[in-house]
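>>> sequence unknown, structure follows:
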Ligand SMILES: [Zn+2]
Ligand SMILES: [Zn+2]
(Lines give C-alpha, C1' and ligand atoms only; values in the text may rest on other atoms or scores of the structure.)
(Ligands and ions follow the chains in the order given, each with its own letter.)
Protein backbone atom coordinates (compact mmCIF):
# COMPACT_ATOMS: atom_id res chain seq x y z
CA UNK A 1 0.00 0.00 0.00
CA UNK A 2 1.14 3.51 -0.72
CA UNK A 3 -0.43 6.64 0.74
CA UNK A 4 0.14 10.00 -0.89
CA UNK A 5 -0.97 13.21 0.80
CA UNK A 6 -2.47 15.87 -1.46
CA UNK A 7 -3.98 18.00 1.29
CA UNK A 8 -3.63 17.84 5.06
CA UNK A 9 -4.81 21.28 6.20
CA UNK A 10 -7.96 21.52 8.32
CA UNK A 11 -10.93 23.87 8.04
CA UNK A 12 -9.92 26.03 5.06
CA UNK A 13 -7.09 26.21 2.53
CA UNK A 14 -4.22 28.59 3.21
CA UNK A 15 -1.50 30.05 1.03
CA UNK A 16 1.37 32.07 2.43
CA UNK A 17 5.08 31.56 2.65
CA UNK A 18 4.89 30.36 6.29
CA UNK A 19 2.85 27.25 5.34
CA UNK A 20 4.56 25.92 2.21
CA UNK A 21 6.42 23.10 3.98
CA UNK A 22 3.28 21.28 5.23
CA UNK A 23 1.07 22.72 2.48
CA UNK A 24 -2.16 24.67 2.42
CA UNK A 25 -4.70 22.39 0.71
CA UNK A 26 -7.46 20.73 2.71
CA UNK A 27 -7.91 17.00 3.20
CA UNK A 28 -7.42 14.64 0.29
CA UNK A 29 -5.33 11.45 0.22
CA UNK A 30 -4.61 8.87 -2.45
CA UNK A 31 -4.25 5.27 -1.29
CA UNK A 32 -2.93 2.80 -3.87
CA UNK A 33 -3.01 -0.92 -3.29
CA UNK A 34 -2.63 -3.70 -5.87
CA UNK A 35 -3.51 -1.33 -8.71
CA UNK A 36 -6.58 0.09 -6.99
CA UNK A 37 -6.90 3.84 -6.73
CA UNK A 38 -8.69 4.93 -3.57
CA UNK A 39 -9.22 8.55 -2.71
CA UNK A 40 -10.14 9.71 0.76
CA UNK A 41 -11.98 13.04 0.85
CA UNK A 42 -12.35 15.80 -1.70
CA UNK A 43 -10.87 18.84 -0.01
CA UNK A 44 -8.90 21.26 -2.19
CA UNK A 45 -6.03 18.72 -2.32
CA UNK A 46 -8.13 16.62 -4.70
CA UNK A 47 -7.57 19.21 -7.45
CA UNK A 48 -3.86 18.34 -7.79
CA UNK A 49 -4.67 14.68 -7.21
CA UNK A 50 -7.06 14.75 -10.18
CA UNK A 51 -4.45 16.48 -12.35
CA UNK A 52 -1.93 13.75 -11.46
CA UNK A 53 -4.44 10.98 -12.27
CA UNK A 54 -5.54 12.35 -15.63
CA UNK A 55 -2.03 13.49 -16.64
CA UNK A 56 -3.70 15.98 -18.95
CA UNK A 57 -5.36 13.16 -20.89
CA UNK A 58 -9.14 13.29 -20.49
CA UNK A 59 -9.53 10.09 -22.56
CA UNK A 60 -7.78 8.02 -19.92
CA UNK A 61 -9.86 5.18 -18.51
CA UNK A 62 -9.70 4.54 -14.78
CA UNK A 63 -11.65 3.06 -11.88
CA UNK A 64 -11.63 5.25 -8.79
CA UNK A 65 -13.14 4.63 -5.36
CA UNK A 66 -13.75 7.89 -3.53
CA UNK A 67 -14.49 7.65 0.20
CA UNK A 68 -15.98 10.74 1.80
CA UNK A 69 -15.51 10.90 5.58
CA UNK A 70 -18.11 13.67 5.92
CA UNK A 71 -19.43 16.53 3.83
CA UNK A 72 -18.08 19.55 5.74
CA UNK A 73 -16.70 22.01 3.21
CA UNK A 74 -13.02 21.37 3.92
CA UNK A 75 -13.58 17.71 2.88
CA UNK A 76 -15.58 18.31 -0.33
CA UNK A 77 -14.75 21.80 -1.63
CA UNK A 78 -12.27 20.55 -4.25
CA UNK A 79 -14.75 18.16 -5.89
CA UNK A 80 -16.05 20.59 -8.56
CA UNK A 81 -12.46 20.91 -9.86
CA UNK A 82 -11.65 17.18 -9.82
CA UNK A 83 -10.64 16.50 -13.44
CA UNK A 84 -11.69 12.82 -13.57
CA UNK A 85 -15.31 14.00 -13.15
CA UNK A 86 -14.96 15.45 -16.67
CA UNK A 87 -13.52 12.33 -18.36
CA UNK A 88 -16.13 10.02 -19.87
CA UNK A 89 -13.92 6.95 -19.42
CA UNK A 90 -13.61 7.40 -15.68
CA UNK A 91 -15.74 5.14 -13.48
CA UNK A 92 -16.01 6.69 -10.06
CA UNK A 93 -17.78 5.15 -7.11
CA UNK A 94 -18.38 7.51 -4.20
CA UNK A 95 -18.79 5.99 -0.73
CA UNK A 96 -19.95 7.72 2.43
CA UNK A 97 -22.72 8.19 4.94
CA UNK A 98 -25.94 10.08 4.43
CA UNK A 99 -25.98 13.31 6.46
CA UNK A 100 -28.65 13.84 9.09
CA UNK A 101 -30.88 15.73 6.66
CA UNK A 102 -29.73 14.68 3.20
CA UNK A 103 -28.72 11.62 1.22
CA UNK A 104 -25.03 11.40 0.33
CA UNK A 105 -25.64 11.84 -3.42
CA UNK A 106 -27.62 15.04 -2.85
CA UNK A 107 -25.10 16.37 -0.32
CA UNK A 108 -22.34 15.95 -2.94
CA UNK A 109 -24.41 16.97 -5.98
CA UNK A 110 -25.45 20.27 -4.41
CA UNK A 111 -21.80 21.39 -4.61
CA UNK A 112 -22.33 21.44 -8.39
CA UNK A 113 -25.78 22.96 -8.71
CA UNK A 114 -25.32 24.70 -12.09
CA UNK A 115 -26.24 28.02 -10.51
CA UNK A 116 -25.34 29.57 -7.15
CA UNK A 117 -22.45 27.31 -6.14
CA UNK A 118 -20.91 26.22 -9.44
CA UNK A 119 -21.73 26.78 -13.13
CA UNK A 120 -21.83 23.09 -14.05
CA UNK A 121 -24.59 20.75 -12.95
CA UNK A 122 -23.55 17.50 -11.25
CA UNK A 123 -25.80 15.50 -13.61
CA UNK A 124 -23.88 16.88 -16.59
CA UNK A 125 -20.49 15.56 -15.50
CA UNK A 126 -18.99 13.20 -18.08
CA UNK A 127 -17.66 10.47 -15.80
CA UNK A 128 -19.75 7.47 -14.78
CA UNK A 129 -20.47 8.24 -11.15
CA UNK A 130 -22.18 5.89 -8.74
CA UNK A 131 -22.94 6.31 -5.06
CA UNK A 132 -22.81 3.75 -2.31
CA UNK A 133 -24.19 4.71 1.08
CA UNK A 134 -22.33 3.29 4.08
CA UNK A 135 -23.36 3.19 7.71
CA UNK A 136 -21.14 2.89 10.76
CA UNK A 137 -19.80 -0.63 11.22
CA UNK A 138 -20.64 -1.65 7.68
CA UNK A 139 -17.89 -3.49 5.79
CA UNK A 140 -17.45 -3.73 2.03
CA UNK A 141 -15.01 -5.48 -0.27
CA UNK A 142 -13.00 -3.95 -3.08
CA UNK A 143 -11.46 -7.00 -4.73
CA UNK A 144 -9.30 -8.54 -2.02
CA UNK A 145 -9.43 -5.38 0.09
CA UNK A 146 -11.81 -5.10 3.02
CA UNK A 147 -13.02 -1.62 3.98
CA UNK A 148 -14.77 -1.08 7.30
CA UNK A 149 -16.15 2.05 8.92
CA UNK A 150 -16.81 3.55 12.35
CA UNK A 151 -18.75 6.71 13.20
CA UNK A 152 -16.51 9.43 14.60
CA UNK A 153 -17.29 11.91 17.34
CA UNK A 154 -17.73 14.99 15.15
CA UNK A 155 -20.76 17.16 14.33
CA UNK A 156 -22.93 15.49 11.68
CA UNK A 157 -22.34 11.97 10.43
CA UNK A 158 -18.65 11.31 9.92
CA UNK A 159 -17.07 7.93 9.19
CA UNK A 160 -13.57 6.68 9.94
CA UNK A 161 -12.36 4.10 7.41
CA UNK A 162 -10.09 1.09 7.71
CA UNK A 163 -8.57 -0.36 4.53
CA UNK A 164 -7.10 -3.87 4.87
CA UNK A 165 -5.44 -5.98 2.20
CA UNK A 166 -2.84 -8.77 2.30
CA UNK A 167 -2.28 -8.34 6.03
CA UNK A 168 -1.70 -4.58 5.84
CA UNK A 169 -4.17 -2.10 7.38
CA UNK A 170 -4.44 1.65 7.10
CA UNK A 171 -6.98 3.73 9.05
CA UNK A 172 -8.25 7.28 8.52
CA UNK A 173 -9.75 9.08 11.53
CA UNK A 174 -10.86 12.55 10.51
CA UNK A 175 -12.44 14.60 11.94
CA UNK A 176 -12.94 13.62 15.58
CA UNK A 177 -12.88 14.83 19.15
CA UNK A 178 -12.41 12.60 22.19
CA UNK A 179 -15.78 11.24 23.29
CA UNK A 180 -15.31 12.36 26.90
CA UNK A 181 -15.63 16.02 25.93
CA UNK A 182 -18.92 16.05 24.03
CA UNK A 183 -21.25 13.73 22.15
CA UNK A 184 -21.10 15.34 18.74
CA UNK A 185 -22.07 12.77 16.10
CA UNK A 186 -25.62 12.20 14.90
CA UNK A 187 -27.37 9.92 17.39
CA UNK A 188 -24.58 9.94 19.96
CA UNK A 189 -26.24 12.15 22.58
CA UNK A 190 -29.37 9.97 22.35
CA UNK A 191 -27.32 6.79 22.66
CA UNK A 192 -25.65 8.17 25.79
CA UNK A 193 -28.91 9.16 27.49
CA UNK A 194 -29.40 7.37 30.79
CA UNK A 195 -25.95 5.83 30.98
CA UNK A 196 -23.26 8.11 29.56
CA UNK A 197 -20.46 6.24 31.34
CA UNK A 198 -21.39 2.97 29.66
CA UNK A 199 -21.83 4.69 26.28
CA UNK A 200 -18.37 6.27 26.48
CA UNK A 201 -16.77 2.97 27.46
CA UNK A 202 -18.45 1.14 24.57
CA UNK A 203 -17.57 3.92 22.13
CA UNK A 204 -13.88 3.99 23.09
CA UNK A 205 -13.67 0.17 23.06
CA UNK A 206 -15.23 0.20 19.58
CA UNK A 207 -12.74 2.81 18.38
CA UNK A 208 -9.82 0.82 19.83
CA UNK A 209 -11.08 -2.36 18.14
CA UNK A 210 -11.30 -0.39 14.90
CA UNK A 211 -7.61 0.63 14.99
CA UNK A 212 -6.19 -2.45 16.76
CA UNK A 213 -3.63 -4.27 14.63
CA UNK A 214 -3.50 -1.48 12.02
CA UNK A 215 -0.09 -0.52 10.66
CA UNK A 216 -0.82 3.19 10.37
CA UNK A 217 -3.54 5.64 11.42
CA UNK A 218 -3.79 9.14 10.01
CA UNK A 219 -5.72 11.27 12.46
CA UNK A 220 -7.15 14.74 12.95
CA UNK A 221 -4.84 16.35 15.53
CA UNK A 222 -5.82 19.92 14.65
CA UNK A 223 -5.23 21.58 18.01
CA UNK A 224 -2.51 21.85 20.64
CA UNK A 225 -3.38 21.22 24.31
CA UNK A 226 -3.54 25.00 24.90
CA UNK A 227 -5.74 25.68 21.88
CA UNK A 228 -8.35 22.99 22.51
CA UNK A 229 -9.46 24.47 25.85
CA UNK A 230 -13.06 25.56 25.42
CA UNK A 231 -13.16 24.08 21.90
CA UNK A 232 -13.85 20.41 22.66
CA UNK A 233 -17.21 20.78 20.94
CA UNK A 234 -15.52 21.89 17.68
CA UNK A 235 -14.88 18.22 17.00
CA UNK A 236 -11.09 17.96 16.76
CA UNK A 237 -8.27 16.33 18.72
CA UNK A 238 -4.70 17.03 19.81
CA UNK A 239 -1.56 14.93 19.28
CA UNK A 240 -1.48 14.21 23.04
CA UNK A 241 -5.07 12.90 22.95
CA UNK A 242 -4.24 10.65 19.99
CA UNK A 243 -1.18 9.26 21.79
CA UNK A 244 -3.25 8.66 24.95
CA UNK A 245 -5.83 6.76 22.89
CA UNK A 246 -3.22 4.64 21.09
CA UNK A 247 -1.38 3.86 24.34
CA UNK A 248 -4.31 1.61 25.32
CA UNK A 249 -3.13 -0.85 22.67
CA UNK A 250 -0.35 -3.43 23.12
CA UNK A 251 1.13 -2.96 19.68
CA UNK A 252 -0.02 0.52 18.66
CA UNK A 253 -0.11 1.59 15.01
CA UNK A 254 2.06 4.43 13.72
CA UNK A 255 0.26 7.76 14.19
CA UNK A 256 0.29 10.31 11.37
CA UNK A 257 -0.64 13.82 12.54
CA UNK A 258 -2.97 15.60 10.10
CA UNK A 259 -5.81 18.13 9.64
CA UNK A 260 -3.32 20.86 10.57
CA UNK A 261 -4.84 24.04 11.92
CA UNK A 262 -4.82 26.74 9.20
CA UNK A 263 -3.32 29.21 11.68
CA UNK A 264 -0.26 27.06 12.35
CA UNK A 265 2.91 28.12 10.57
CA UNK A 266 5.54 25.61 9.47
CA UNK A 267 7.62 26.67 12.49
CA UNK A 268 4.76 25.89 14.87
CA UNK A 269 4.10 22.58 13.09
CA UNK A 270 7.77 21.54 13.40
CA UNK A 271 7.50 22.20 17.14
CA UNK A 272 4.18 20.33 17.48
CA UNK A 273 5.76 17.39 15.65
CA UNK A 274 8.89 17.46 17.82
CA UNK A 275 6.86 17.40 21.05
CA UNK A 276 4.50 14.68 19.75
CA UNK A 277 7.41 12.50 18.63
CA UNK A 278 8.93 12.78 22.11
CA UNK A 279 5.65 11.89 23.83
CA UNK A 280 5.13 9.09 21.32
CA UNK A 281 8.57 7.64 22.07
CA UNK A 282 7.78 7.63 25.80
CA UNK A 283 4.62 5.64 24.98
CA UNK A 284 6.18 3.32 22.40
CA UNK A 285 4.25 4.96 19.53
CA UNK A 286 5.85 5.98 16.26
CA UNK A 287 4.65 9.49 15.41
CA UNK A 288 4.81 10.79 11.83
CA UNK A 289 3.33 13.90 10.24
CA UNK A 290 1.43 14.53 7.02
CA UNK A 291 2.79 17.07 4.57
CA UNK A 292 1.48 17.86 1.14
CA UNK A 293 3.03 15.61 -1.54
CA UNK A 294 4.45 13.44 1.24
CA UNK A 295 4.21 9.66 0.87
CA UNK A 296 4.04 6.70 3.23
CA UNK A 297 4.58 3.07 2.31
CA UNK A 298 2.89 0.32 4.31
ZN1 LIG B 1 -12.26 19.02 8.66
ZN1 LIG C 1 -15.57 18.36 9.89
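Sure thing, it's come through. Everything quoted here is computed from the prediction, not taken from an experiment. Ligands and ions are numbered 1, 2, ... in the order given.
>>> what sits against the residue of the chain found nearest ligand 2?
For the chain, the residue closest to ligand 2 is residue 72, as judged by Cβ to the ion, at 3.5 Å. Quick note: C-beta positions are derived from backbone N, CA and C, even for glycine. Counting by Cβ atoms under 8 Å, 6 or more residues apart in numbering, residue 72 makes contact with 156, 175.
>>> that one and residue 175, how far apart?
As defined by Cβ to Cβ, to the nearest Å, residue 72 lies at a distance of 7 Å from residue 175.
>>> contacts only, for the residue nearest to residue 180 when sequence neighbours are not counted.
Leaving out its chain neighbours, the residue that sits closest to residue 180 by Cβ to Cβ, 6 or more residues apart in numbering is residue 200, at 6.1 Å. Counting by Cβ under 8 Å, 6+ apart, residue 200 touches 179, 180, 192.
>>> equivalent analysis for residue 173, please.
Residue 173 neighbours (Cβ under 8 Å, 6+ apart): 152, 160, 211, 217, 218, 219, 220.
>>> for it, give the beta-bridge partners.
Here residue 173 sits in beta bridges with residue 219, as judged by DSSP bridges.
>>> how much space between it and residue 208?
Distance, residue 173 to residue 208, by Cβ to Cβ: 12 Å.
>>> likewise for residue 25?
Plainly put, residue 25 is 31 Å away from residue 208 if you go by Cβ to Cβ.
>>> coming back round to it: of the contacts of residue 173, just the buried ones, PyMOL syntax please.
Buried members of the contacts of residue 173, defined by 16 or more other Cβ atoms under 10 Å, are picked up in PyMOL with:
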select buried, resi 152+160+211+217+218+219+220
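>>> just name the closest of the contacts of residue 173 to ligand 1, please.
residue 220 (6.8 Å).
>>> on that earlier part again, most neighbours among the contacts of residue 200, which one?
residue 179 (23 neighbours; other Cβ atoms under 10 Å).
>>> OK, contacts around that residue?
Here residue 179 is in contact with 153, 188, 200, 203, 204, 207 (Cβ under 8 Å, 6+ apart).
>>> restricted to strands, list these.
Of those, none are assigned to strands by DSSP state E.
>>> make TSV out of those and add distance to residue 85 and pLDDT.
Shown next, in TSV, are the contacts of residue 179 (distance: Cβ to Cβ, whole Å; pLDDT from 0 to 100):
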residue	distance to residue 85	pLDDT
153	31	98
188	33	96
200	41	96
203	36	97
204	38	97
207	33	98
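>>> kindly indicate which of those residues lies nearest residue 81.
residue 153 (30.3 Å; Cβ to Cβ).
>>> how about the contacts of residue 200 in JSON lines, adding secondary structure?
Below are the contacts of residue 200 laid out as JSON lines (DSSP: H, G, I helix; E, B strand; the rest coil):
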{"residue": "179", "secondary structure": "coil"}
{"residue": "180", "secondary structure": "coil"}
{"residue": "192", "secondary structure": "helix"}
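>>> what packs against the helix or strand residue 288 falls within?
Using DSSP states H and E, the element containing residue 288 is strand 287-289. Judged by 3 or more Cβ pairs under 8 Å, 6 or more residues apart in numbering; DSSP states H and E, the packing partners of strand 287-289 are strand 254-258, helix 266-282.
>>> so for the last one, what gets flagged as buried?
Read that as helix 266-282. So, applying 16+ other Cβ under 10 Å, buried residues of helix 266-282: 266, 268, 269, 272, 273, 276, 277, 279, 280.
>>> you'd agree residue 93 is up against residue 66?
Yes: in this structure residue 93 lies within contact range of residue 66 using Cβ atoms under 8 Å: 7.0 Å.
>>> the two: which is more packed in?
Neighbour totals were compared for residue 93 and residue 66, and residue 66 leads with 24 against 15 (other Cβ under 10 Å).
>>> what residues are bridge-paired with the more buried one?
Beta-bridge pairing of residue 66 under DSSP bridges involves residue 39, residue 94.
>>> got a pLDDT number for it?
Note for residue 66: predicted pLDDT of 98.
>>> that one: what's it in contact with?
38, 39, 42, 92, 93, 94, 95.
>>> tell me which element the closest residue to the fifth one other than its chain neighbours is part of?
To tie it back to what came earlier, the one meant is residue 93. Distances taken as Cβ to Cβ, 6+ apart place residue 130 nearest to residue 93, at 4.8 Å, with adjacent residues excluded. Applying DSSP H and E as the criterion places residue 130 in strand 128-133.
>>> buried stuff in stretch 191-201?
192, 199, 200.
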